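A.B. asks: Predicted model and sequence below, questions to follow.
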Amino acid sequence: MDPNSTGRERHPTATLSPDESAERPAARPRTPRTNRASSPGMDLRVVLAIPALAIVVMILAIAVASGGILATASATPNGSPPAAVSTSASAGPTGPADASPTPAASPATSPTPAAPRTAVPLPALLGAIGDSYSQAWGVSPAYPLDHTEFSWVIGTDKSHGVLSLLQRFQSLGGSPAVIDAATSGKQMSDATRQANLVVAGAKKLGSGQTAYVTFELGTNDLCASPDAMTDPTVFGAQLQTAIVALELGLPAGSRILMLALPDFPHFRDITQADPTAKATLALPKNANRCAPYLGSSSAALLAQGNDYLAKYDASLQGACDGINAHTGTGGGIHCTYNPFWLADTDFTIGDLSTADYFHPSLSGQAKMAADAWQADVWATTVIP
């Protein structure tokens, strides 16, 4: 929002300074009476001379009083009028100390045009590719399993404060169709199936309509315990297959929001620092709860987890960069990857569900929605 000035110009009362009083002509004195006798001709000449003298005195007084203005005008090149004329009580240093220039003496401030409601057209389709993080699985012990009404992407609940991407688009006047392809527990190996579901929905869009697709996968490849973590090379190949399907199937102008993996080293720090979370994760039933970071771990396993996490993220960023290099500048689809906003690094312990300290809580889902909005093209759009 653009700031607007609320102050008002002060207009001081016009008072005369001593200098101005000195320049002001004194009142014309009356002609004194005399007892001296005079002839009729002499009296007539005196009567005629008095008005003429008065006119001369008045002309001289006006010339003296307006000398400053005449001087200012004559100093302007090419006979043009001066750019601004001060109307303060005194033109000299002896004028009132609080005299201020009129608006003509200072440059006018042009109003800033109102920003458009959205930077790009709102999507006609919202597609979710992902896992349990996009399905709002287990946001609290009271809400076990999937509860998509709380999802940061497609949530519809209005009483728990998540404000999903879907709700944000709707508040701006959009009404996108929803394709929820995300499936809890899935790894990158499921990405192509999910991408094809989104593309099938996009093919039903009208001419000029676009899709917005969130891509959130990889958590279950990293937190695969007791199974082995997905090899980074395999992870990258599976990702590329899904990306090709999206590039070929989404209409021009569509956008993909590519999420980084959650910042699990940060999750480890905040859960180990919280006594309740630490005790819960130490229970035998949680031994395999993302073992490199939250459950049973070892230095070697933690080192491998960090290595794989970095390689997964590099693949996600590379896929996003590839989309933009292929079609992003030519009117095709565009991809956003922003780990600063999209890795859940801003989570506190309250943003993790007390059901397992692994999935986002309701406030965690709300942060994911807010961060996703901040990361992409609608960041400066005010939600009504």
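C.D. replies: Thanks, I have the structure now. Since this is a predicted model, take the numbers as computed values, not measurements.
A.B. asks: Low-confidence ranges, the chain, go.
C.D. replies: Residue ranges of the chain with pLDDT under 70: 1-119, 328-331.
A.B. asks: again, 90 this time
C.D. replies: In the predicted model of the chain, residues 1-121, 285, 287-288, 295-298, 326-332, 380-384 satisfy pLDDT under 90.
A.B. asks: give the contact list for residue 243.
C.D. replies: Taking C-beta atoms under 8 Å, 6 or more residues apart in numbering as the contact definition, residue 243 lies against 195, 319, 322-323. C-beta: built from backbone N, CA, C; applies to glycine.
A.B. asks: Redo those as CSV? Include neighbour count and secondary structure.
C.D. replies: Formatted as CSV, those follow (neighbours: other C-beta atoms under 10 Å; DSSP: H, G, I helix; E, B strand; the rest coil):
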residue, neighbour count, secondary structure
195, 26, helix
319, 22, helix
322, 16, helix
323, 24, helix
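A.B. asks: Now the two most distant members of those residues.
C.D. replies: 195 and 322 (14.8 Å; C-beta to C-beta).
A.B. asks: Would you tell me what helix or strand residue 193 is located in?
C.D. replies: In this structure, residue 193 sits in helix 191-202 according to DSSP states H and E.
A.B. asks: could you pull out the helices for the stretch 51-200 of the chain?
C.D. replies: Residue ranges of the helices in the stretch 51-200 of the chain, as given by DSSP state H, counting those that start in this stretch, are 67-74, 165-171, 191-202.
A.B. asks: which strands and helices sit next to the second one?
C.D. replies: Counting contacts by 3 or more C-beta pairs under 8 Å, 6 or more residues apart in numbering; DSSP states H and E, the secondary-structure elements packed against helix 165-171 are strand 125-130, strand 211-216, helix 362-375.
A.B. asks: Residue 325: neighbour count?
C.D. replies: The local packing of residue 325 (other C-beta atoms under 10 Å) involves 11 other residues.
A.B. asks: ok, now residue 137?
C.D. replies: 24.
A.B. asks: Same question for residue 142.
C.D. replies: Residue 142 has 10 neighbouring residues, counting by other C-beta under 10 Å.
A.B. asks: if we can go back for a sec, looking at the helices and strands packed on helix 165-171, which is closest to residue 270?
C.D. replies: Of all these, helix 362-375 comes closest under C-beta to C-beta, at 11.6 Å.
A.B. asks: just the angle between the closest one and strand 211-216, please?
C.D. replies: For helix 362-375 against strand 211-216, the angle between stretch directions is 130 degrees (axes from the mean of the first three to the mean of the last three C-alpha atoms, to 10 degrees).
A.B. asks: re the thing from before, got the helices and strands packed on helix 165-171 as a markdown table, with mean neighbour count columns?
C.D. replies: Below are the helices and strands packed on helix 165-171 laid out as a markdown table (neighbours: other C-beta atoms under 10 Å):
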| stretch | mean neighbour count |
| --- | --- |
| strand 125-130 | 27 |
| strand 211-216 | 26 |
| helix 362-375 | 22 |
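A.B. asks: Compare those and give me the one nearest residue 345.
C.D. replies: helix 362-375 (9.2 Å).
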